[in-house]
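[1] let me see the structure of the following:
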Amino acid sequence: MNPHCEISDLGDRLVVENRNAARRNALTHEFYDGLHEALQMAAEQPRIGAVILTGEGGFFCAGGDLNTLITAQQMDEDQRRARIDALNDLIRAIVYCPRPVIAVVEGGAAGAGMSLALACDMVIAARDAKFTAAYVNAGLVPDGGLTAALGAALPPQIAAEMCLTGLPVSAERLHALGVVNQLTDPGEAIMAAMAVADRLASGPADAQTAIKRLLTGWRATAFEAQLDAERDAMAYALAAREAGEGITAFLAKRPPDFRRLREGT
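    Model (predicted):
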């Protein structure tokens, strides 16, 4: 049994739940393994019409666990790049999965959790959910294809606002901008996703697979290049002074003092 990933096989759909509520479903290698397993199952089973991705405890995913990033700071650059590639491989598995993948966002999606949600084909969110490109708050840069997803979905000014300020953006605002497919009342996003999955599961599987391939294929080269560019930037940022200050401040529950670093003191 995987402690951080529960896969429910409902016959014509899979529900994959990130089960790490104590850390707001921060990403773990156990979750990576479980989601890879589910996506592989979906690819191999024509009866599966959709994969639904959700998190326990009323929160989708807080992204990477900053406690573990302290260890990453001590790694050499090749090790840091390999660590980021593990996330990128998961994002690729979602994007290239032949079955539609639906993100169910209750509470919020932050950092790599937002990357995970926007890698999905559809996003259904509670209207009180928040999306946060939180990397800059810890002196880091986006990874997991987030800049590719935001660059494709949003006007550049809004993508810049999200990535440069790290401030949360409401699901309602992202719905108005076309990033979120459907809004629900809190606690009801999973039922809305089930209804969408039911419609998908009653459709023509081969045609849906071809449509998804066409929708992703035209941007695949740019997407792959952006994943590599993000990985290199994050591998560098993890070892820099700003990340040291940002991560330490987060864990100490105090505001980071990036101005001191700017002034060289």
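[2] would you state the strands of the stretch 51-200 of the chain in chain order?
    101-105, 108-110, 122-126, 130-132, 169-170, 182-184 (DSSP state E, counting those that start in this stretch).
[3] tabulate these (CSV), appending distance to Ala201, mean neighbour count and mean pLDDT.
    The C-beta positions use only the backbone N, C-alpha and C, and glycine is treated the same way. CSV is the format used below for these (distance: least, C-beta to C-beta, whole Å; neighbours: other C-beta atoms under 10 Å; pLDDT from 0 to 100):
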stretch, distance to Ala201, mean neighbour count, mean pLDDT
strand 101-105, 12, 28, 98
strand 108-110, 25, 28, 98
strand 122-126, 14, 26, 98
strand 130-132, 27, 22, 98
strand 169-170, 31, 18, 98
strand 182-184, 17, 19, 98
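[4] figure out which of those is closest to Ala153.
    Nearest to Ala153, of all the strands of the stretch 51-200 of the chain, is strand 122-126, at 10.0 Å by C-beta to C-beta.
[5] elements contacting that closest one?
    Helices and strands touching strand 122-126, by 3 or more C-beta pairs under 8 Å, 6 or more residues apart in numbering; DSSP states H and E, are strand 101-105, helix 171-176, strand 182-184, helix 189-201.
[6] for these, give me a markdown table that also has distance to Pro3.
    Compiled in a markdown table, the helices and strands packed on strand 122-126 are given as follows (distance: least, C-beta to C-beta, whole Å):
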| stretch | distance to Pro3 |
| --- | --- |
| strand 101-105 | 21 |
| helix 171-176 | 29 |
| strand 182-184 | 29 |
| helix 189-201 | 21 |
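[7] and the ones you listed, which is most packed in?
    Mean neighbour count (mean count of other C-beta atoms under 10 Å) peaks for strand 101-105 among the helices and strands packed on strand 122-126, with a mean of 28.
[8] residue boundaries of the helices in the stretch 51-200 of the chain?
    Here the stretch 51-200 of the chain has its helices, by DSSP state H, counting those that start in this stretch, at 66-73, 77-96, 112-119, 146-153, 156-165, 171-176, 189-201.
[9] list the buried ones in the second one?
    Neighbour-count burial for helix 77-96 flags 80-81, 83-85, 87-88, 90-96 (criterion: 16 or more other C-beta atoms under 10 Å).
[10] which parts of stretch 236-256 are buried?
    For stretch 236-256, by 16+ other C-beta under 10 Å, it's Ala237, Leu238, Glu242, Ala243, Gly244, Glu245, Gly246, Ile247, Thr248, Ala249, Phe250, Pro256.
[11] mind exporting it as CSV, just the C-alpha atoms?
    Included here for stretch 236-256 are C-alpha records, laid out as CSV according to Å, rounded to 0.1, in the frame of the first residue of the first chain:
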residue,chain,number,x,y,z
TYR,A,236,21.1,27.0,-10.0
ALA,A,237,18.6,28.8,-7.7
LEU,A,238,18.5,26.1,-5.1
ALA,A,239,22.2,26.7,-4.3
ALA,A,240,22.0,30.5,-4.3
ARG,A,241,21.9,32.8,-1.3
GLU,A,242,18.4,33.9,-2.0
ALA,A,243,17.0,30.4,-1.7
GLY,A,244,19.0,29.9,1.5
GLU,A,245,17.3,33.0,3.0
GLY,A,246,13.9,32.2,1.6
ILE,A,247,13.7,28.6,2.7
THR,A,248,15.2,29.3,6.1
ALA,A,249,12.6,32.2,6.6
PHE,A,250,9.7,30.0,5.6
LEU,A,251,10.7,27.2,8.0
ALA,A,252,11.2,29.8,10.8
LYS,A,253,7.8,31.3,10.0
ARG,A,254,9.2,34.8,9.4
PRO,A,255,9.3,37.1,6.3
PRO,A,256,12.4,36.6,4.2
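[12] just the closest of the buried residues of helix 77-96 to Ala38, please.
    Ala93 (9.4 Å).
[13] the closest one and Glu30: what is the separation?
    15 Å (C-beta to C-beta, to the nearest Å).
[14] got it, and Ala233?
    Distance of Ala233 to Glu30, computed by C-beta to C-beta: 27 Å.
[15] what's near enough to touch the residue nearest in space to the middle of the chain?
    Geometric centre of the chain, nearest residue: Leu116, 1.7 Å, by C-alpha atoms, centre = their mean. The neighbours of Leu116, taking C-beta atoms under 8 Å, 6 or more residues apart in numbering as the test, are Leu27, Leu53, Phe60, Cys61, Leu90, Ile91, Ile94, Ala103, Ala109, Gly144.
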